[in-house]
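Student: starting from these lines, generate the structure:
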Amino acid sequence: MNSDDLKLKNKRLIRKIIIGVLFMFGFCYLMVPLYSLVCKQAGINGRGNFRATDDPTIKIDKSRTIQVEFSTMIHGNLAMQFRPLIRRINIHPGETKEVYFFAENDTGKRITVQAVPSIAPGEAAKYLKKTECFCFTQQSFFKGEKADMPVIFRIDPDVPKEVKFVVLNYTMFDAMQFLKKNQKQLTKNRIELPS
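Tutor: You can find the predicted model right below:
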């Protein structure tokens with residue numbers, strides 16, 4: 001085997017390795033959104049298809065009452081206040097309710113955050129429908145800024161009769177820190193190719 005054949009085989013091998021690495025990176029990159037999409041559609045892992053339209057034809061089941069409790073968490077050491085303005089409410093299946101969550105930026109600088117919802121029990125996730133929620137988009141806060149953020153939701157009348165209590169929890173993440181961390185990881189995993 002001469003050196004030209006060896007160079008050609010090495011180039012092919014490097015090309016295959018690069019394609020394999022790119023495929024693995026792409027698969028890993030898409031794993032989280034795909035997992036979230038599957039969980040939303042199937043209503044598993046405390047997630048559901050949260051966005052709903054306001055439908056006046058939905059019948060309210062006044063024969064049942066479900067207690068909904070609200071809780072919050074702050075991820076990591078984010079210097080922020082975040083809490084529900086009301087801890088629990090009673091709701092009839094099909095009824096629309098509006099609640100507010102208070103947030104205050106104590107970081108001393110402008111921040112962008114993202115709230116991630118979780119619903120327990122998991123079987124109730126696909127029945128809790130939100131028409132408006134601060135969790136649908138990232139929220140930016142100036143230094144010291146305060147806000148009351150709305151959530152408008154209902155519990156579908158088809159919710160199983162054994163569901164009498166639902167917990168809606170939000171975890172607040174520093175969206176910029178997450179982006180920076182992932183950006184560092186992306187650049188760290190780069191492979192420099194010989195020219």
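Student: strands paired with the helix or strand hosting Ala103, and their directions?
Tutor: Here Ala103 sits within strand 96-105, counting by DSSP states H and E. Partner strands for strand 96-105, per DSSP bridges, with pairing direction: strand 80-84 (antiparallel), strand 146-155 (antiparallel).
Student: name the residues of stretch 115-122 that are buried.
Tutor: Within stretch 115-122, the residues that count as buried by 16 or more other Cβ atoms under 10 Å are 115, 117-119. Where you see a C-beta, it was placed from the backbone N, CA and C, and this is true even at glycine.
Student: can you redo the residues you listed as CSV with distance to Phe102 and pLDDT?
Tutor: Output for the buried residues of stretch 115-122, formatted as CSV (distance: Cβ to Cβ, whole Å; pLDDT from 0 to 100):
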residue, distance to Phe102, pLDDT
Ala115, 12, 91
Pro117, 17, 91
Ser118, 19, 91
Ile119, 21, 92
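Student: pick out whichever of those residues sits closest to Arg83.
Tutor: Distance ranking of those against Arg83, using Cβ to Cβ, places Ala115 first at 12.1 Å.
Student: can you name the residues bridging to the closest one?
Tutor: Per DSSP bridges, the residues bridged to Ala115 are Met172.
Student: run through the residues that contact it.
Tutor: 82, 101, 134-135, 139, 170-173 (Cβ atoms under 8 Å, 6 or more residues apart in numbering).
Student: repeat that for 7 Å
Tutor: 134-135, 170, 172 (Cβ atoms under 7 Å, 6 or more residues apart in numbering).
Student: just Val116 next, same as before
Tutor: Contacts of Val116 (Cβ under 7 Å, 6+ apart): 135, 170-171, 173.
Student: cutoff 10 Å now
Tutor: 36, 47, 73, 75, 135, 169-173 (Cβ atoms under 10 Å, 6 or more residues apart in numbering).
Student: do the same with Met176
Tutor: By Cβ under 10 Å, 6+ apart, the neighbours of Met176 are 109-114, 138, 140.
Student: what mean pLDDT does the helix or strand hosting it get?
Tutor: Assigned by DSSP H and E, Met176 belongs to helix 175-188. Helix 175-188 comes out with an average pLDDT of 61.
Student: Gly144 in helix, strand or coil?
Tutor: Following DSSP: H, G, I helix; E, B strand; the rest coil, we place Gly144 in the coil state.
Student: the closest residue to it other than its chain neighbours: how many residues sit nearby?
Tutor: With sequence-adjacent residues excluded and distances taken as Cβ to Cβ, 6 or more residues apart in numbering, Gly144 is closest to Asn105, at 6.2 Å. Asn105: 23 surrounding residues under other Cβ atoms under 10 Å.
Student: Asn105 bridge partners, please.
Tutor: Beta-bridge partners, per DSSP bridges, of Asn105: Met80.
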